[in-house]
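J.: next input, structure requested:
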Amino acid sequence: MLQTVGVGHEVDVTQKLARYGASIQQMVAIARAISTDARVIIMDESTSSLNEREVKKLFEVVRRLKQRGIAVIFISHRLDELFEICDRMTVLRDGRLVGEYSVANLSKLSLVSAMIGRDAGAVMGTRKRPSRAPAAPGEPAEPVLEARQLKGGSKVSAVSLAVKGGEVLGVAGLLGSGRTETAQLLFGDVVPESGAIFVNGQARHFRGPGDAIRAGVAFCTEDRKQSGIFPHMSVLDNITMVLLPELSQRGIVDRVKQREVAASCVAQLGIKTADLNQPIQNLSGGNQQKVQLARWLCKIPALMILDEPTRGIDVGAKSEIAAVVAGLADGGIGVILISSELEELTQLSDRVVVLRDGRDVGELSGTDITERRITELIAQGG
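T.: Have a look, this model is predicted:
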């Protein structure tokens, strides 16, 4: 039985909510909140899983709530949304109040400076990475990973892409275009129905993530809290989880070496934690994401798949994650960067593949990688 929930979304209310994706679950949670007689509604990253159309609907609801005299606390890392919907801004950093500001008298750069505690010009002015030169004679020409006409799951019908070592391949597309599902196929989390995957020129058949990991493929999921971290375990255990077989002899883990590896990763990525034994769930979103990255970096993969690596983290952490992505490519690792933020793709990618309705509909490189061109491909499919 289809019904329209309070935020203008039609769902079958007789089905379990788990059947629906993150965006529908988010909209239902918002509808539940506004259906009460609350005088204050707190929306914590309420747009993180919503597409542009859904965000507009949510903002219409927020404006109606304001007209009814209901106060809304809107928490978000998306600056454009804050300036569009908010009247006042309150900035917190490291658990302390930095200041309160009127939106009418606040610039974006001033807000970012308050958020990160330093001049925003250096952060916001990140230059696009230069495209990499073609491989020199004698260097391997084949990609570190290539997918040909992949089909699988409910959303991927025909996706082809290739990424070389030392290259960042951006993947763009609207919600539902098959971006995450493509990553799951490449990592063996979903077995392809047809198509082929090649690693360093050799055909591979991943029957599960273990096969992909052994082939040198790593995957940082977009759903960090549900499937990216082990929330009740320590930073130490989260970082070294996939490395345990190499740190063990006859089933006994070398604790000294384990701590050395974890400490090195914490220092390398600038992870802010009280100590290695701190539960990861007590860290900020940005530091949790760094721990997830560290888990794979200690394995030194040939290919890193990053699905929305900066979702739900602050501007300063985004800048640090961007530096990590560039550093991975500079170190010769192939990177597949899936992001809904076009600015992020244009800043970091050497090439961008655009997906639409489960198919690759275009590829951009060099100076063609612009937000306008990506948007055109998404809208037109070619």
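
J.: what about the residue nearest to Arg63 when sequence neighbours are not counted, how many neighbours?
T.: Taking C-beta to C-beta, 6 or more residues apart in numbering as the measure, Arg63 lies nearest to Ile85, with 7.8 Å between them; neighbours along the chain are not counted. Glycine gets a C-beta too; all of them are placed from N, C-alpha and C. As a burial measure, the neighbour count of Ile85 was computed by other C-beta atoms under 10 Å and equals 19.

J.: please apply the same query to Glu246.
T.: When neighbours are counted by other C-beta under 10 Å, Glu246 registers 13.

J.: the protein: helices as residue ranges?
T.: With DSSP state H applied, the chain shows helices at 22-34, 52-67, 79-85, 108-116, 120-124, 179-186, 209-214, 235-240, 244-247, 255-269, 285-297, 315-330, 342-348, 371-380, listed in chain order.

J.: gap between the fourth one and the chain center?
T.: Meaning helix 108-116. Averaged C-alpha coordinates place helix 108-116 at 22 Å from its chain's average position (C-alpha atoms, centre = their mean, to the nearest Å).

J.: quick one: it to helix 315-330, angle?
T.: With axes from the mean of the first three to the mean of the last three C-alpha atoms, to 10 degrees as the criterion, the two stretches helix 108-116 and helix 315-330 enclose an angle of 90 degrees.

J.: extract the CA atoms of helix 108-116 and return them as PDB.
T.: The C-alpha atoms that make up helix 108-116 are tabulated as PDB, following Å, rounded to 0.1, in the frame of the first residue of the first chain:
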ATOM      1  CA  LYS A 108      31.700  31.300   3.400                       C
ATOM      2  CA  LEU A 109      35.400  31.800   3.900                       C
ATOM      3  CA  SER A 110      34.900  33.400   7.300                       C
ATOM      4  CA  LEU A 111      32.700  30.400   8.300                       C
ATOM      5  CA  VAL A 112      35.300  27.900   7.200                       C
ATOM      6  CA  SER A 113      38.100  29.700   9.000                       C
ATOM      7  CA  ALA A 114      36.000  29.500  12.200                       C
ATOM      8  CA  MET A 115      35.400  25.800  11.700                       C
ATOM      9  CA  ILE A 116      39.000  24.700  11.100                       C
END
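
J.: hang on, Ala262 packs against Ile239?
T.: Yes: taking contacts as C-beta atoms under 8 Å, Ala262 lies within contact range of Ile239: 4.5 Å.

J.: any common contacting residues for the two?
T.: The contact sets of Ala262 and Ile239 overlap at Ala294 (C-beta atoms under 8 Å, 6 or more residues apart in numbering).
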